[in-house]
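> Sharing a model that was predicted from the sequence below.
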Amino acid sequence: MSHFQNVNTIKYEGPDSKNPYAFKYYNPSETINGKSMEELMRFAVSYWHTFTAGGTDPFGEGTMVRSYDRYTGMDLAKARLEASFEFFEKMDVPFFCFHDYDIAPESDSLTETFKNLDEIVAMIKDYLKTSKTKLLWNTANMFSHPRWLSGAATSPNADVFAYAAAKVKKGLEVGKELGAENYVFWGGREGYETLLNTDMKLELDNLGRFFHMAVDYAKEIGFNAQFLIEPKPKEPTKHQYDFDVATGIAFLKTYGLDDKFKFNIEANHAILAGHTFEHELHVARIHGMLGSVDANQGDPLLGWDTDEFPTDLYSTTLAMYEILKNGGLGSGGLNFDAKVRRGSFDPEDLFLAHIAGMDSFAVGSRVAQKLIEDKVLDNFIADRYSSFREGIGQDIVEGKADFHKLSEYALKLDKIENISGRQENLKATLNQYLLNVSRG
Ligand code: XLS
Ligand code: CA
Ligand code: CA
């Protein structure tokens, strides 16, 4: 049966198209710096927001109208799976992502949970034989069930730690079985509410131990996916341990894990951490640790994790700038960890939302590529730091200066001449590129 009978495969029709069910800017085969848009952006659909979420909020029930709503339990899981592969095909996306809990129901018995999972994983494996859409990453949900109320690998309860290990062990096996290119660790409830009851040192040490065990097990079973940590500063706990990329790097280095992990950076989480999306991408990139992206946007007026579909062209442009500078995303991709609003309850809204997100990143990729080609920012930045390419600046960079030499130099200076940072002009130039380049 068809779950989305009102929608056909979405195609590129160009910027003048009035067809809502067509891409205006995302042209999968168009080349950006030697890669097709499809290969560069590697879009993924998130299973949880698209097929599992129903539009509930703290004030009300779900609003979404879905063909599979009449089922429950494993029948619901199977109907959702059928709908998902129809959706992937019609959206023509190369990837999808899921939590174990999204694809198969959890029960109080771990044995039964794994049995449910095995049954659905076997079905996914079958779909993957013919589907173009592959698994970008999977992960374990270790935050929804009450057992995780004080965290998983950072729980004060060793039984919970063991349970979490069993879930991730299974997740790694599933990832290998389905050919996942990455495995994601988002902290969930790995954080704390108050120091009055928390042994932070033990919790962090345990988290380090947990990640080492995961690395060892993946190696043991020959699962070569890239491991990714997804930082988030707060929500659900007040203090999340993986606050932002910089905190994540410090953690990974402290526990000797920095060569095993990269980062999955979510736009909305960057904002919650008081950063911009591009800041987080940049920090990861300059450390060689930009792995994958959860492409969404937050709302500064709300201040929580709203997971909206990305439509802000400034943000997509600056994000694509970092991604292009990174030489692409390697085994990562742009995963729409984004949900349609509660009022957008039609199944068709799922298509319209993904089109909006993909078109926004397509515009971003074109504009960013042109900015790079024309060296707009590169030349400006090179000039701004030119004092470090000659004289005393070059000595500093080459390690030929110490406080004696610098002090002697400074004492002889009669005046210091700074140059303008030209922020406003650079922003106007960005506008000019956005307006002139976006149509392709
Ligand atoms: C929640 C996170 C989560 C991760 C995967 O805020 O974004 O959905 O991406 O567990
Ligand atoms: Ca996410
Ligand atoms: Ca989020």
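Structure's in. What do you need? Numbering: from 1, shown residues only. Ligands and ions are numbered 1, 2, ... in the order given.
> burial count for the residue of the stretch 101-250 of the chain found nearest ligand 1?
Ranked by CB to the nearest ligand atom, the top residue of the stretch 101-250 of the chain for proximity to ligand 1 is W186, at 3.6 Å. Every C-beta, even on glycine, is put in place using the N, C-alpha and C of the backbone. Neighbours of W186 under the rule other CB atoms under 10 Å: 23.
> any idea which element the closest residue to F114 other than its chain neighbours lies in?
Nearest residue to F114, sequence neighbours excluded (CB to CB, 6 or more residues apart in numbering): K170, at 5.9 Å. Assessed by DSSP states H and E, K170 sits inside helix 158-178.
> State the mean pLDDT of the following helix or strand past that helix.
For helix 158-178, the succeeding helix or strand toward the C-terminus, using DSSP H and E, is strand 182-186. Computed over strand 182-186, the mean pLDDT rounds to 99.
> For the stretch 251-400 of the chain, give me the ranges with low pLDDT.
Counting by pLDDT under 70, not a single residue of the stretch 251-400 of the chain qualifies.
> sorry, back to before: and for the helix holding K170, what are the contacting residues?
By CB atoms under 8 Å, 6 or more residues apart in numbering, the residues outside helix 158-178 that reach it are 100, 110, 114, 117, 121, 124-125, 128, 135, 137-140, 142, 147-148, 150-153, 155, 180, 183, 206, 210, 213-214, 217-218, 221-223, 225.
> Repeat the analysis, applying 7 Å as the threshold.
Residues from elsewhere that reach helix 158-178 (CB atoms under 7 Å, 6 or more residues apart in numbering): 100, 110, 114, 117, 121, 124-125, 128, 135, 138-140, 142, 147-148, 152-153, 155, 183, 206, 210, 213-214, 217-218, 221, 223, 225.
> Please report phi then psi for the nearest residue in space to the residue of the stretch 101-250 of the chain closest to ligand 1 that is not next to it in sequence.
In space, W186 comes closest to E230 once its chain neighbours are excluded; the distance is 4.0 Å by CB to CB, 6+ apart. The phi/psi pair for E230 (degrees, to the nearest 10) reads phi -110, psi 110.
> residues of the helix or strand containing D378 that come out buried?
Using DSSP H and E, D378 maps to helix 376-384. Neighbour counts over helix 376-384 (16 or more other CB atoms under 10 Å) mark V376 as buried.
> Renumber starting at 21 from here on
Understood, numbering begins at 21; the last thing we discussed is helix 396-404.
> quick one, what contacts the residue of the stretch 121-270 of the chain closest to ligand 1?
W206 neighbours (CB under 7 Å, 6+ apart): 159, 250, 252.
> got it, and L101?
By CB under 7 Å, 6+ apart, the neighbours of L101 are 123, 140, 143-144.
> Helix, strand, or coil at it?
helix (DSSP: H, G, I helix; E, B strand; the rest coil).
> State the distance from it to ligand 1.
19 Å (CB to the nearest ligand atom, to the nearest Å).
> S66 contacts F356, correct?
Yes - using CB atoms under 7 Å, S66 makes contact with F356 at a distance of 5.7 Å.
> Mind checking which of the two has more residues around it?
F356 (29 against 25).
> Enumerate the beta-bridge partners assigned to the more buried one.
The residues listed as beta-bridge partners of F356 by DSSP bridges are V65.
> which ones are touching it?
64-66, 315-316, 329, 374, 377.
> about what we covered before: mind listing residues that contact the helix or strand just after the helix holding D398?
Using DSSP H and E, the next helix or strand after helix 396-404 towards the C-terminus is helix 411-417. Applying CB under 7 Å, 6+ apart, the external contacts of helix 411-417 come out as 407-408, 421, 429.
> What is the most widely separated pair among these?
The most widely separated members of these are F408 and Y429, with 13.9 Å between them, by CB to CB.
> Need the residues touching each of those two.
Counting by CB under 7 Å, 6+ apart, nothing touches both F408 and Y429.
> Q317 reaches Y334, doesn't it?
No - taking contacts as CB under 7 Å, Q317 lies outside contact range of Y334: 10.6 Å.
> neighbour-wise, which of the two wins?
Using other CB under 10 Å as the criterion, Q317 and Y334 rank with Q317 on top: 23 against 16.
> How about stretch 325-344 and ligand 3, any contact?
Yes - Stretch 325-344 reaches ligand 3 (CB under 5 Å from the ion) through 325, 327.
> mind checking the end-to-end distance for that stretch?
End-to-end distance of stretch 325-344 (CA to CA, to the nearest Å): 26 Å.
> which residues sit against that stretch?
Counting by CB under 7 Å, 6+ apart, 53, 69, 255, 287-288, 292, 297-298, 301-302, 305, 315-319, 349, 356-359, 373, 376-377, 380-381, 383-385, 387-389, 391-392, 454 sit against stretch 325-344.
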